[in-house]
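# Sequence unavailable; structure follows:
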Ligand code: AP5
């Protein structure tokens with residue numbers, strides 16, 4: 001199954017994507033995580049990407065395309081992937097469609113997670129990540145176990161003014177993909193992401209199950 005998770009920064013794509021990956025046995029392909037890895041490793045790609053990420057701007061499409069192509073060529077992605085944070089604009093959506101077609105695949109479903117803007121700002125400023133496992137937590141809504149508390153880090157782009165700019169970029173560039181996928185006829189589901197994590201997860205699994213049972 002190839003599944004796209006759409007949603008504003010902080011809507012819960014990474015959180016839901018990790019749970020779905022465990023549940024469905026297909027890898028989460030998060031371009032933001034791949035870019036942060038490259039930044040941590042200090043690669044030329046990482047150094048270039050960091051300028052855009054810290055400013056809350058999108059990294060150029062050609063950088064992203066190369067990363068995703070490479071990820072899809074790995075054996076664990078042979079049966080599908082959960083795309084988190086990708087595609088981000090119409091050009092990326094077109095190139096993803098072409099890449100999957102080359103593999104004899106296509107997008108099976110798109111899930112758009114909706115959360116009000118003020119809740120998002122509050123989520124992002126409380127977000128903490130475990131650098132060893134990549135797990136994402138929240139200081140209030142999703143606290144980390146005591147044994148990992150000491151190593152949690154905060155993302156550089158989670159400062160409030162950067163978050164607000166990322167939301168603006170989302171509204172102008174990424175949100176139109178909801179209409180793009182609706183027009184393309186791919187099953188598209190909108191879920192209310194402003195509920196406890198388990199409830200959001202339950203609804204997504206139910207919707208995907210309904211899609212699967214509707215397929216011939
Ligand atoms: P990226 O890493 O993709 O960030 P994003 O899309 O802005 O999304 P986030 O990771 O911030 O949020 P999320 O929706 O995954 O929420 P999460 O689950 O963490 O991109 C970062 C940057 O990289 C971009 O700005 C850009 O520069 C670049 N980039 C990445 N991909 C790109 C692409 N394709 N093209 C170009 N540039 C690209 O949850 C957030 C917090 O809320 C957590 O603390 C979590 O614990 C908590 N939470 C989650 N769900 C709930 C809930 N239901 N209730 C309460 N709290 C919750």
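Great, that's in hand. Quick caveat, the model's predicted, so the values are computed rather than measured.

# Just to be sure, residue 124 is in a helix?
Yes - Residue 124 forms part of a helix when assessed by DSSP: H, G, I helix; E, B strand; the rest coil.

# so who does the closest residue to the ligand within the chain touch?
Nearest residue of the chain to the ligand (Cβ to the nearest ligand atom) works out as residue 32 at 1.9 Å. C-beta here means a position set from N, CA and C on the backbone, and glycine is covered the same way. Counting by Cβ atoms under 8 Å, 6 or more residues apart in numbering, residue 32 touches 14, 84-85.

# Return the residues of the chain in contact with the ligand.
Within the chain, the positions lying close to the ligand (Cβ under 6 Å from any ligand atom) are 7, 9-15, 31-32, 35, 52-53, 56-59, 64, 85-86, 88, 92, 123, 126-127, 136-138, 141-142, 157, 166, 193, 195-197, 200.

# Sitting in helices, which of those residues do you find?
Applying DSSP state H to the residues of the chain next to the ligand, the entries found in helices are 13-15, 31-32, 35, 52-53, 64, 92, 123, 166, 197, 200.

# Strands of this protein, start to end?
2-7, 28-30, 81-84, 109-114, 127-129, 136-138, 188-192 (DSSP state E).

# Out of those strands, flag the one nearest residue 152.
Residue 152 lies closest to strand 127-129 among the strands of the chain, at 4.0 Å (Cβ to Cβ).

# Nearest to the middle of the protein, which residue? Look it up for me.
When Cα atoms, centre = their mean is applied to the chain, the residue found nearest the centroid is residue 84 (2.2 Å).

# list the contacts for residue 98?
Contacts of residue 98 (Cβ under 8 Å, 6+ apart): none.

# typo on my end, residue 47
By Cβ under 8 Å, 6+ apart, the contact list for residue 47 reads residue 39.

# wait, isn't residue 211 in contact with residue 109?
Yes - with contact defined as Cβ atoms under 8 Å, residue 211 reaches residue 109; the gap is 5.3 Å.

# Settle it for me: which of these two has more neighbours?
Taking other Cβ atoms under 10 Å, residue 211 and residue 109 do not tie; residue 109 has more neighbours (20 against 16).

# give me the number of residues near the nearest residue to the more buried one once chain neighbours are set aside?
Excluding the flanking residues, the one nearest residue 109 by Cβ to Cβ, 6 or more residues apart in numbering is residue 187, at 4.6 Å. When neighbours are defined as other Cβ under 10 Å, residue 187 has 18 of them.

# what's the answer for residue 102, then?
By other Cβ under 10 Å, neighbour count at residue 102 equals 10.

# ok, now residue 186?
Applying other Cβ under 10 Å, we find 17 residues neighbouring residue 186.

# ok so, going back, could you write me a ChimeraX select line covering just the buried ones among the residues of the chain next to the ligand?
This is the ChimeraX syntax for the buried subset of the residues of the chain next to the ligand, where burial follows 16 or more other Cβ atoms under 10 Å:
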select :7,9,10,11,12,13,14,15,31,32,35,53,56,58,59,64,85,86,88,92,123,126,127,136,137,138,142,157,166,193,200
